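S.K.: Kindly generate the corresponding structure for this input.
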Amino acid sequence: MTYRVLVADEILPEGLGVLRDAPDVSVDDVRLDRPALLNRLADYHALIVRSGTPVDRALIERGPRLRVIGRAGLALGNVDIGAATEHGVMVLNTPEAYSVAAAEHTLALLLALCRHLPQADAAVRRGEWDRGRYLGVQLAGKTLGLLGLGRVGQLVAARAQGFGVNVVAFDPFADDEEARRLGVTLAPLDEVLAQADFLSMHADLTPETRQLLGEAELARLKPGARIVNCAQGGLIDEAALHAALVSGQVAGAALDVFDQEPPAGSPLLNLPNVVVSPHLGASTREAQAEVSVQIARQVLRALRGEDFANVVNLPFVVGPDFAQSRPYLQLAERIGALQRQLADGPIEAVEVEVRGAEVAGRVKAVAVALLKGLLDGSLAEPVNYINAPLLAARQGLRVGQGRGLPAGDYANQISCRVRWPGGARLIAGTLFGGADGRIVLLDEFRMDARPVGEALVMFSRDVPGVIGAVGTLLQQYGVNIAEWRLGRDQPGGTALSFINLDSSVPAEGMRALLALPQVVAVKRVAL
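M.R.: Now for the predicted structure:
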């Protein structure tokens, strides 16, 4: 398959080169006005933008083939994530690409603030030489407080320690062991505020973190502290900050981001103890090249289903070990598809259980993959990992985590029970060799079957001659048997056959199979 990618906002040649070198990609790098973009989007599988192109519901609805929206950068304010999710479109960004540039700019602003560099520069240019007027403060021996210890916060901590700075941080989601490894002391917010000579903002902007630094927090800050913000403008109450700067509670502030950008008319711009820059945290040649390459690679991997790094609307967390998870998700999809095709009525409820170290903690991802298999092909709209939970909810499908479902004797296993009016079925599967998906349990029948391609699932009486009779009949219709796996409840009882085929059995062949006296039931499945 050839994927068509539209680059609607400028990315650097390094990123375009990644796309153009891909053998399965056709890329168009064009700047289009709104009407032209609406008219052309229907042809593309992926759209790459920066902040200049609004990707709203109306645009997303004009892209029936659209699978991926790639935002080259961090902020996603110009993308309607809800509409994308409804339409099964992955939205991804590049939060790590700017990390080094943002960390370096944080330290640059902190140094400029502590040594009055902008004011001194302007004075010299005016012909002044008043050295005593710009007495600064050193970083060495001071305490830097970080509000957020993510990737950028960690890089700032490492660089600040090179200046002899002690680093404390507030981050309710930070790992204690990782913080100790970095030489950072984790502490509650009040303790960080009380200790910090310098305070740097590194939290994501969420409803919970908006105005994280407000009037009350500024009052608890160590008197005379200095604040740096290269993260998000909304993290600080700007009116409260202005008052604290005027009163002297805060000695100075260095700001790269604002609530409103540009910050025209902001009273902060009139204060002599404020250093500002126009959102330059990511503005290095290296960072722009990295974000271009990263967005290109992520879009390609997402299109191919190889990785879903930084997909923000995926209903489960993708870790660095996604390559190990992927075979289990593929197995779960096939279990879901098998359940759908074997059910004797509309499925109303799904129970999912995972067992074993390899799948522990992945029940949500497995459940999403199962739902994709259950729903794919039964609905008018395409189903994927993004919209499967939403579509399941719309269908009234009850999904829950099972407890104590019957299992085989395998170390790692996925079990799924579905229910429909008057019936239920359990299917369990595992991986052989870490990659080869197998069905190992179907209701009470233990087996070892490959859930791939065309297959027959057949219940028959456990008597001699069944294999010969079925094989002969399939030969009459030109259908070759690739593999035959068998399970039975007891000798002479009922046998379950999972028969992998090289081609599909025609309708008249299915009727002939059902007419065989040994056959109790048979269904044709495609996996």
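
S.K.: And the helices in the stretch 1-150 of the chain?
M.R.: For the stretch 1-150 of the chain, applying DSSP state H, counting those that start in this stretch gives helices covering 13-21, 34-40, 57-60, 81-86, 99-114, 117-125.

S.K.: Kindly report the same for the stretch 251-400 of the chain.
M.R.: Secondary structure of the stretch 251-400 of the chain (DSSP H, counting those that start in this stretch): helices at 285-304, 322-342, 363-375, 388-394.

S.K.: Now mean pLDDT, mean neighbour count and distance to D9 too, for these, in JSON lines please.
M.R.: C-beta coordinates here come from the backbone N, C-alpha and C atoms, glycine included. Formatted as JSON lines, those follow (pLDDT from 0 to 100; neighbours: other Cβ atoms under 10 Å; distance: least, Cβ to Cβ, whole Å):
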{"stretch": "helix 285-304", "mean pLDDT": "94", "mean neighbour count": "21", "distance to D9": "10"}
{"stretch": "helix 322-342", "mean pLDDT": "91", "mean neighbour count": "21", "distance to D9": "27"}
{"stretch": "helix 363-375", "mean pLDDT": "92", "mean neighbour count": "25", "distance to D9": "31"}
{"stretch": "helix 388-394", "mean pLDDT": "90", "mean neighbour count": "19", "distance to D9": "28"}
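
S.K.: picking up where we left off before, right, so the helices of the stretch 1-150 of the chain: which one is the most enclosed?
M.R.: Mean neighbours per residue, mean count of other Cβ atoms under 10 Å, is largest over the helices of the stretch 1-150 of the chain for helix 99-114, with a mean of 22.

S.K.: any idea how far the closest residue to K372 other than its chain neighbours is from A302?
M.R.: Among residues not flanking K372 along the chain, A388 sits closest, at 4.5 Å (Cβ to Cβ, 6 or more residues apart in numbering). Remark: distance between A388 and A302 (Cβ to Cβ, to the nearest Å) = 16 Å.

S.K.: Over to L486?
M.R.: Here the criterion is Cβ to Cβ. By it, L486 lies 40 Å from A302.

S.K.: Also G400?
M.R.: For G400, the distance to A302 equals 29 Å [Cβ to Cβ].

S.K.: Over to P406?
M.R.: In terms of Cβ to Cβ, P406 sits 36 Å off from A302.

S.K.: What of R446?
M.R.: Distance, R446 to A302, using Cβ to Cβ: 37 Å.

S.K.: Could you do V165 as well?
M.R.: Here V165 is placed at a distance of 39 Å from A302 (Cβ to Cβ).

S.K.: same deal with S26?
M.R.: S26 sits 17 Å away from A302, taking Cβ to Cβ as the criterion.

S.K.: ok, now A97?
M.R.: Going from A97 to A302 by Cβ to Cβ gives 16 Å.

S.K.: Leaving out sequence neighbours, find the closest residue to G423.
M.R.: Going by Cβ to Cβ, 6+ apart, G423 has D344 as its nearest residue, at 5.3 Å.

S.K.: now do L76
M.R.: Distance criterion Cβ to Cβ, 6+ apart; nearest residue to L76, sequence neighbours excluded, is N93 at 5.8 Å.

S.K.: Against A264, how distant is the one you found?
M.R.: With distances taken as Cβ to Cβ, N93 is found 27 Å from A264.

S.K.: More neighbours: these two, which one.
M.R.: Legend: neighbour count by other Cβ atoms under 10 Å for N93 and A264, higher for N93 (22 against 8).

S.K.: mind listing what the more buried one touches?
M.R.: N93 makes contact with 70-76, 310, 312 under the criterion Cβ atoms under 8 Å, 6 or more residues apart in numbering.

S.K.: got it, and L107?
M.R.: Listed by Cβ under 8 Å, 6+ apart, the contact set of L107 reads 156, 159-160.

S.K.: If we use 6 Å, what do you get?
M.R.: Shown in contact with L107 (Cβ atoms under 6 Å, 6 or more residues apart in numbering): R159.

S.K.: Likewise for E348?
M.R.: 419-420.

S.K.: got it, and I295?
M.R.: By Cβ under 6 Å, 6+ apart, I295 lies in contact with 48, 70, 72, 94.

S.K.: who wins for most neighbours among these?
M.R.: In those, the most neighbours by other Cβ under 10 Å go to G70, 31 neighbours.

S.K.: coming back round to it: let me have the helices of the stretch 251-400 of the chain in CSV, adding distance to R450 as columns.
M.R.: Shown next, in CSV, are the helices of the stretch 251-400 of the chain (distance: least, Cβ to Cβ, whole Å):
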stretch, distance to R450
helix 285-304, 23
helix 322-342, 9
helix 363-375, 15
helix 388-394, 24
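
S.K.: Identify the single longest strand in this structure, thanks.
M.R.: Ranked by residue count and defined by DSSP state E, the top strand of the chain is strand 423-432.

S.K.: and it, which residues are buried?
M.R.: 425-431 (16 or more other Cβ atoms under 10 Å).

S.K.: Could you check how far the residue nearest to L76 is from H279?
M.R.: Distance, N93 to H279, using Cβ to Cβ: 16 Å.

S.K.: Repeat that for G429.
M.R.: To H279, G429 is 50 Å away according to Cβ to Cβ.

S.K.: R524 now?
M.R.: Distance from R524 to H279, counting by Cβ to Cβ: 59 Å.

S.K.: Also L342?
M.R.: Distance, L342 to H279, by Cβ to Cβ: 56 Å.

S.K.: before we move on, what about Y44?
M.R.: Separation of Y44 from H279 (Cβ to Cβ) stands at 29 Å.

S.K.: Can you give the contact residues for stretch 72-82?
M.R.: Stretch 72-82 is touched from outside by 11, 50-51, 54-57, 69, 71, 91, 93, 95, 291, 295, 313, with contacts defined as Cβ under 6 Å, 6+ apart.

S.K.: Any of those residues buried? List them.
M.R.: Neighbour counting with 16+ other Cβ under 10 Å marks 11, 50, 55, 69, 71, 91, 93, 95, 291, 295, 313 as buried within the contacts of stretch 72-82.

S.K.: Pull the most distant pair out of those residues.
M.R.: Largest separation among the buried ones among the contacts of stretch 72-82 by Cβ to Cβ: I11 and N313, giving 21.6 Å.

S.K.: what domains does the record give for the protein?
M.R.: With domains defined by automatic domain parsing, the chain comprises 3-97+287-304, 99-276, 320-451, 454-527.

S.K.: what's the least confident stretch among those domains?
M.R.: Among the domains of the chain, domain 320-451 carries the lowest mean pLDDT, at a mean of 89.

S.K.: tell me how far that one is from the chain's mean position?
M.R.: Taking Cα atoms, centre = their mean, to the nearest Å, one finds the center of domain 320-451 at 21 Å from the center of the full chain.

S.K.: of Y44 and H279, who's got more company?
M.R.: Comparing Y44 with H279 by other Cβ under 10 Å, the one with more neighbours is Y44, at 22 against 17.

S.K.: Surely that one is in contact with Y3?
M.R.: No. With contact defined as Cβ atoms under 6 Å, Y44 does not reach Y3; the gap is 8.6 Å.

S.K.: For D28, which residues count as its bridge partners?
M.R.: When bridges are called by DSSP bridges, D28 pairs up with L6.

S.K.: May I ask you to confirm that it is in contact with V5?
M.R.: No. D28 lies out of contact with V5 (Cβ under 6 Å); the separation is 7.4 Å.

S.K.: For those two, indicate the residue with more neighbours.
M.R.: Comparing D28 with V5 by other Cβ under 10 Å, the one with more neighbours is V5, at 24 against 14.

S.K.: ok, now which ones touch that one?
M.R.: Contacts for V5 (Cβ under 6 Å, 6+ apart) come out as 19, 25, 27, 46.

S.K.: Can you name the residues bridging to the residue positioned nearest the centre of the chain?
M.R.: Centroid-nearest residue in the chain: V311, 3.2 Å away (criterion: Cα atoms, centre = their mean). Residues in a beta bridge with V311, per DSSP bridges, are L92.

S.K.: Just to check, it is in contact with T94?
M.R.: No. The pair V311 / T94 is not scored as a contact, 11.6 Å apart, by Cβ under 6 Å.

S.K.: returning to that earlier point: can you put the helices of the stretch 1-150 of the chain in JSON lines and add distance to G248?
M.R.: Below are these laid out as JSON lines (distance: least, Cβ to Cβ, whole Å):
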{"stretch": "helix 13-21", "distance to G248": "47"}
{"stretch": "helix 34-40", "distance to G248": "49"}
{"stretch": "helix 57-60", "distance to G248": "48"}
{"stretch": "helix 81-86", "distance to G248": "42"}
{"stretch": "helix 99-114", "distance to G248": "15"}
{"stretch": "helix 117-125", "distance to G248": "17"}
